[in-house]
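Peer 1: Predicted model and sequence below, questions to follow.
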Amino acid sequence: MRVGVLTGGGDCPGLNAVIRAIVRKGVQEYGYDFTGFRDGWRGPMEGDTVRLDIPAVRGILPRGGTILGSSRTNPLKEKNGIRRIKENLAELEVEALIAIGGEDTLGVAARLSDEYDVPCVGVPKTIDNDLSATDYTFGFDTAVGIATEAIDRLHTTAESHMRVLVVEVMGRHAGWIALHSGLAGGANVILIPEQRFDVEQVCAWVTSRFKASYAPIVVIAEGAMPKDGDMVLKDQSLDSFGHVRLSGVGEWLAKQIEKRTGKEARTTVLGHVQRGGTPSAFDRWLATRFGLHAIDCVRDGDFGTMVALRGTDIVRVPIADATARLKTVDPTLYEEVGVFFG
Ligand code: F6P
């Protein structure tokens with residue numbers, strides 16, 4: 001049997017660990033052959049392949065990024081996208097496809113499996129941890145670790161200058177990275193997309209910290225919005241590839257804090273550094289287990305299925321369960337963490 005593998009969407013530490021586990025178990029235990037597809041759904045759509053065998057996956061476990069490349073190509077939005085995929089899979093004799101990706105990539109896999117008779121297995125990935133049906137996605141732990149280390153470092157420079165430091169982390173729709181890194185790094189304010197924030201209240205917290213002779217750290221997710229919403233809508237834009245770019249909420253907030261509190265403020269935007277580099281041990285562990293279970297789904301002919309983490313077990317769920325709605329931060333959890341604000 002020949003199995004195709006692709007990675008789609010934003011890259012994420014742990015992708016190579018999944019690929020390695022799939023190929024090693026597939027070759028050694030089941031005698032499968034593999035075809036790697038380049039750049040997400042663009043690969044099967046254009047018949048663009050990469051050699052994927054045991055030598056190709058040697059030494060990639062600790063490497064960030066993906067040896068297959070990635071893109072946000074969506075065949076459902078391309079002319080004859082699905083037909084081209086089906087033709088290429090037939091020509092390459094690929095009988096099953098493992099799609100490793102987030103909401104968009106898996107959304108395509110679900111429809112291909114359910115509506116177009118293309119046998120797909122899904123593996124969830126995103127540093128944002130916002131996919132439903134799995135407790136965690138790999139990449140998240142690494143991103144939180146990087147953001148936490150940055151916050152630890154920013155504390156000392158904030159204290160030396162008695163400045164406010166605003167740290168903008170990734171998270172367009174969900175504040176998981178902000179919440180976890182902010183709590184772990186001892187931030188004084190954490191602002192997330194799920195709850196619009198009140199600038200006056202943020203400034204009151206900042207002022208109260210200075211009264212206690214302490215330079216405050218504000219962690220803000222890139223998708224967080226102030227209550228009036230004016231600024232963020234103005235700064236949202238589409239780049240030339242049609243992707244939404246969120247920029248500027250951290251910088252905007254720092255300016256508001258300076259204006260309203262009279263305290264000096266600086267912004268650090270962590271950006272793609274959160275997605276780069278070597279995966280944490282937890283992410284390697286989770287990614288490897290996902291890969292081992294994904295190839296078992298192929299062996300069992302269990303298509304339209306995604307592997308997921310429930311507690312400490314890897315389970316199988318319909319791919320559509322993960323993509324139907326995003327997993328966002330529960331208000332109760334945010335409130336619980338809020339005891340440290342101010
Ligand atoms: O979905 C993962 C993510 O890293 C988001 O947190 C972020 O908003 C987005 O990708 C950035 O996308 P790009 O790499 O296309 O700029």
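Peer 2: Looks like it came in fine. Numbering: from 1, shown residues only.
Peer 1: show me what contacts Val329?
Peer 2: Counting by CB atoms under 8 Å, 6 or more residues apart in numbering, Val329 makes contact with 174-176, 179, 192, 194. Quick note: C-beta positions are derived from backbone N, CA and C, even for glycine.
Peer 1: Can you read off the pLDDT for it?
Peer 2: You'll see Val329 listed with a pLDDT of 97.
Peer 1: Find the helix or strand that it is a member of.
Peer 2: For Val329, there is no enclosing helix or strand under DSSP states H and E.
Peer 1: count of neighbours near the residue lying closest to Arg209 once chain neighbours are set aside?
Peer 2: Nearest residue to Arg209, sequence neighbours excluded (CB to CB, 6 or more residues apart in numbering): Pro216, at 3.9 Å. By other CB atoms under 10 Å, the residues close to Pro216 number 28.
Peer 1: And Arg20, by the same measure?
Peer 2: If we define neighbours as other CB under 10 Å, then Arg20 has 23 of them.
Peer 1: what's the residue of the chain found nearest the ligand in contact with, if anything?
Peer 2: Nearest residue of the chain to the ligand, counting by CB to the nearest ligand atom: Met170, 3.3 Å away. Contact analysis of Met170 by CB under 8 Å, 6+ apart lists 127-128, 143, 177, 221-222, 270-271, 274-275.
Peer 1: same thing but 7 Å
Peer 2: By CB atoms under 7 Å, 6 or more residues apart in numbering, Met170 lies in contact with 127-128, 143, 177, 222, 274.
Peer 1: Just the buried subset of those, please.
Peer 2: Judged by neighbour count, with 16 or more other CB atoms under 10 Å as the criterion, the buried members of the contacts of Met170 are 127-128, 143, 177, 222, 274.
Peer 1: Report how many residues lie close to the closest residue to Lys263 other than its chain neighbours.
Peer 2: Leaving aside its sequence neighbours, Lys263 sits nearest to Val164 (CB to CB, 6+ apart; 5.5 Å). Counted with other CB under 10 Å, the neighbours of Val164 add up to 28.
Peer 1: does Thr142 sit in a helix or strand, and which one?
Peer 2: Using DSSP H and E, Thr142 sits in helix 140-161.
Peer 1: same for the helix or strand following that helix, what does it pack against?
Peer 2: Moving toward the C-terminus from helix 140-161, the next helix or strand (DSSP H and E) is strand 164-169. When contacts are defined as 3 or more CB pairs under 7 Å, 6 or more residues apart in numbering; DSSP states H and E, strand 164-169 sits against helix 140-161, helix 176-184, strand 217-221, helix 249-261, strand 265-269.
Peer 1: can you list the ones you listed in JSON lines and add distance to Val108 and mean pLDDT?
Peer 2: Below are those laid out as JSON lines (distance: least, CB to CB, whole Å; pLDDT from 0 to 100):
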{"stretch": "helix 140-161", "distance to Val108": "22", "mean pLDDT": "97"}
{"stretch": "helix 176-184", "distance to Val108": "24", "mean pLDDT": "97"}
{"stretch": "strand 217-221", "distance to Val108": "26", "mean pLDDT": "97"}
{"stretch": "helix 249-261", "distance to Val108": "30", "mean pLDDT": "95"}
{"stretch": "strand 265-269", "distance to Val108": "30", "mean pLDDT": "97"}
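Peer 1: Relative to Phe290, which of these is closest?
Peer 2: helix 140-161 (13.0 Å; CB to CB).
Peer 1: any idea of the angle that closest one forms with strand 164-169?
Peer 2: For helix 140-161 against strand 164-169, the angle by axes from the mean of the first three to the mean of the last three CA atoms, to 10 degrees is 170 degrees.
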